[in-house]
Each structure stands twice: as C-alpha cells, then as structure tokens.
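# With the sequence up front, the predicted model follows.
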Amino acid sequence: MDSPPIVISRDEVKRVLRYIDLIPRLESALAIFSRKNSLEIIQPLRSVIPLSKYNGFLGLMPTYMEQEGILSTKMVCFYKREDGSTLPSTQATVLLFNPEYGNVKAIIDGEVITAMRTAAASAISAKWLMPAQAEVLAILGTGNEALSHYNVFTEIFTFKEVRVWSRTRERAEAFSRSVAGPVKVCVTVEEAVKDADAIVTVTRATQPILFGKWIKPGAHVAAVGACRPDWRELDDELMREAVVYVDSREGATTESGDVILSGATVFAELGEVLNETRPALREKTTVFKSLGLGIEDAVSAKLVLERWEATE
Ligand SMILES: NC(=O)c1ccc[n+]([C@@H]2O[C@H](COP(=O)([O-])OP(=O)(O)OC[C@H]3O[C@@H](n4cnc5c(N)ncnc54)[C@H](O)[C@@H]3O)[C@@H](O)[C@H]2O)c1
Ligand SMILES: O=C(O)[C@@H]1CCCCN1
C-alpha cells in the first residue's frame, strides 16, 4: 500500500534548506529552463486568479522535470493590501508528486522556499551581472524577501556597506536590529542607492520607487517586487537604459509592469547567461527582473524532501 504524503512545516524547511545546496540546483534548473526543450521541462506560464474582494491573487505553478523525476505544483497567494494582518503577504504550499503514479509524496510549506529560492536567484544574477569589485549593497524594503536577500547576499559576497530603506524609519531600524551584521538605515531611496553597486528592490510598491537618475552607471539591480502587469518598482529611464535580464521572457512580457509599461527590451534570460548563449554585460547597468518560476520551487522542494529524509 502507498504511504501517505509527508507534511513538512515551515520550521522544518528552515532547518534543512541551505543556500550552499540550493544555489547549484537553481543554476542547473535555470539553465535547463532556458534550453526550452519540452523533453527536459514543462512549465506553463503561471495561472493567476485575482481575489478582487481581498486585493490579492492566487498563482498556480505546475512544473514537470522528467529527467530529474520532479512533478510539482506551487500554489501561492499574495496580497497588495496593508490592513495590519500578522500573516505574511505571500503564502505558499508546494505539492511534490510521484510522476509515475500521481500520488502526492510531500506537502511542503512554501513560505521559506519562496523567500530563499527568490533570494538565491537574485544572488545568481548578481554573481554574473554585479560590478566585479562590488562594495555597497542597498536593499529597498524590509519584509520577508528583504531578509532572505540580506542573508544570501551577505553569505556569498563581501560588501563594505549594506544599506536599507523602508517607507518608515522605524521599520528600517527594526530590520537593521534584526540581522547579524551592520546595516545603515537610509531615510530616502536616493540616499540608499547613491553609488551602490548592487540594489535589491523587494517592496509591494505599485508605482516606481527607484529612478535611473539616482543610480551609478554599471550598478546591478535585482528587481523582485511588482509582479503584476500594472505594477512598477523601477522607472522608465532605468528600464530603458539598463540591459534587462529576466528569469523567463514569457513571464516578464506577460506579468511585469516594469517591462511591459516601460517598453523595455528583454536582453536575455538568466539561464541563457548560465548556458553561455547570451553574454553577461557586467560593465553595463543591468536589471534582473524576477517574477519567480515553478522550476525554482520544484528543485527547492525536492532538495527539502531529500534533506528532510536524510536528517529525520
Ligand atoms: N519575484 C519573485 O519570485 C517573488 C517572490 C516572492 C515575493 N515577490 C514579491 O516581492 C515583494 C516583497 O515580498 P515580501 O514577501 O518581502 O513582502 P512583505 O510584505 O514581507 O514586504 C514588503 C515590503 O514592501 C514595503 N512596501 C509595501 N508597500 C510599499 C510601497 N507602496 N512602497 C514602498 N514599499 C512598500 C513594506 O513596508 C515591506 O517592507 C512583493 O511584491 C512580492 O509579491 C516576488
Ligand atoms: O513566484 C512566486 O512565488 C512569487 C509569489 C508572489 C508574486 C510573484 N511571484
């Protein structure tokens, strides 16, 4: 008889998932994704259901990676509203199936997976696109993604200064106190990004908060928020003048307000850089527009299950 699905909680995911293991799996998955071979990967564009009454969305992210033996679906709800709820604004669950028979092997909390795989993808973009001698990191936003980005960027790079900006000084100060290393609290976005080499935008803004005129030529921006076609974090000048990389061309041209409304040209997918079919123009100002991919959740969930089984 088949065994029931294993249920892996948020705390267990946090216990077993490590960037050092996750990053190589993501690099491999992004590279496979950009080869566009349906024998290797089937990952349709995310279906998104608006939850208009609650100012939110449900995204469905099925993925099949035949050679890796992974069949999964992430279901993610994300909300625009700010009504003082203590629940996270992005909540997710990942189902891992046995592709041979269709039985569910594991039901895995997706909150930490989402935060860590998104931050790891941004870190991979920075590995290839950030200036060689990067000294200053600026993080715009102080939520879950800000924390995961702080963690991975300070784990794999060495910055002389890390800055943070939030709409209120209190939130930026609380973020600065919550992390292990020193973080400079900035009162304006302009102050935070001045001469920064790497900039991470992880807000729920729907209008531009980051303007090209403030940015040092050659800086790298990992743009993570603004995941709807009418939402923005970056202004037209930045989007049009930077070299724009994305996780998925199809995703970016369907879901990203920063890409669609600015009319910017997408230069390459990150996976194409990893496959060396498109160049990494590190010396130019670069934007990595991240929307999030089912394959990232698929390989993360498989890794979580492997580590969980190994340590149970
Ligand atoms: N690209 C991806 O794969 C991916 C994955 C997860 C989340 N996201 C997106 O990243 C963003 C951050 O996610 P999170 O989980 O950290 O959210 P969060 O709610 O934990 O944090 C959001 C941050 O944005 C700030 N904020 C809210 N409205 C703002 C506004 N109008 N202007 C400036 N700042 C504002 C909040 O104060 C907070 O600091 C969201 O837009 C989310 O949808 C993207
Ligand atoms: O890929 C994801 O998980 C996210 C969730 C929030 C909105 C954008 N995409």
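Done, it's in. Ligands and ions are numbered 1, 2, ... in the order given.

# Quick check: nearest residue in space to the one residue in the stretch 51-200 of the chain that gets nearest to ligand 2, chain neighbours excluded?
For the stretch 51-200 of the chain, the nearest residue to ligand 2 under the criterion Cβ to the nearest ligand atom is residue 78, separated by 4.0 Å. C-beta here means a position set from N, CA and C on the backbone, and glycine is covered the same way. Of all residues not flanking residue 78 in the chain, residue 90 sits nearest, at 4.5 Å (Cβ to Cβ, 6 or more residues apart in numbering).

# ok, that neighbour to residue 79 distance?
8 Å (Cβ to Cβ, to the nearest Å).

# Give the residue from the two that has the larger number of neighbours.
Neighbours were tallied for residue 90 and for residue 79 using other Cβ atoms under 10 Å; the higher tally belongs to residue 90 (22 against 18).

# Wasn't residue 102 part of a helix?
No. Assignment of residue 102 by DSSP: H, G, I helix; E, B strand; the rest coil gives coil, placing it outside any helix.

# State the pLDDT value of it.
At residue 102, the pLDDT value in this model is 96.

# What of the one 10 residues further on?
pLDDT for residue 112: 98.

# show me what contacts the most centrally placed residue in the chain?
The centroid of the chain falls nearest to residue 118 when counting by Cα atoms, centre = their mean (2.5 Å). For residue 118, the contact set (Cβ atoms under 8 Å, 6 or more residues apart in numbering) comprises 145, 148, 224, 290, 292, 296.

# Name the member of those residues that has the highest neighbour count.
Ranking the contacts of residue 118 using other Cβ under 10 Å puts residue 290 first, with 30 neighbours.

# tell me which parts of the stretch 201-312 of the chain are close to ligand 2?
Selection of the stretch 201-312 of the chain residues close to ligand 2 by Cβ under 6 Å from any ligand atom yields 227, 291-292.

# and these as JSON lines, adding distance to residue 152 and pLDDT?
Shown next, in JSON lines, are these (distance: Cβ to Cβ, whole Å; pLDDT from 0 to 100):
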{"residue": "227", "distance to residue 152": "19", "pLDDT": "98"}
{"residue": "291", "distance to residue 152": "18", "pLDDT": "98"}
{"residue": "292", "distance to residue 152": "15", "pLDDT": "98"}
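
# Looking at the residues you listed, which one is closest to ligand 2?
Of all those, the one sitting nearest ligand 2 is residue 292; the distance, using Cβ to the nearest ligand atom, is 1.9 Å.

# my read: the closest one touches residue 247, true?
Yes. In this structure residue 292 lies within contact range of residue 247 using Cβ atoms under 8 Å: 7.2 Å.

# Cool, thanks, talk later.
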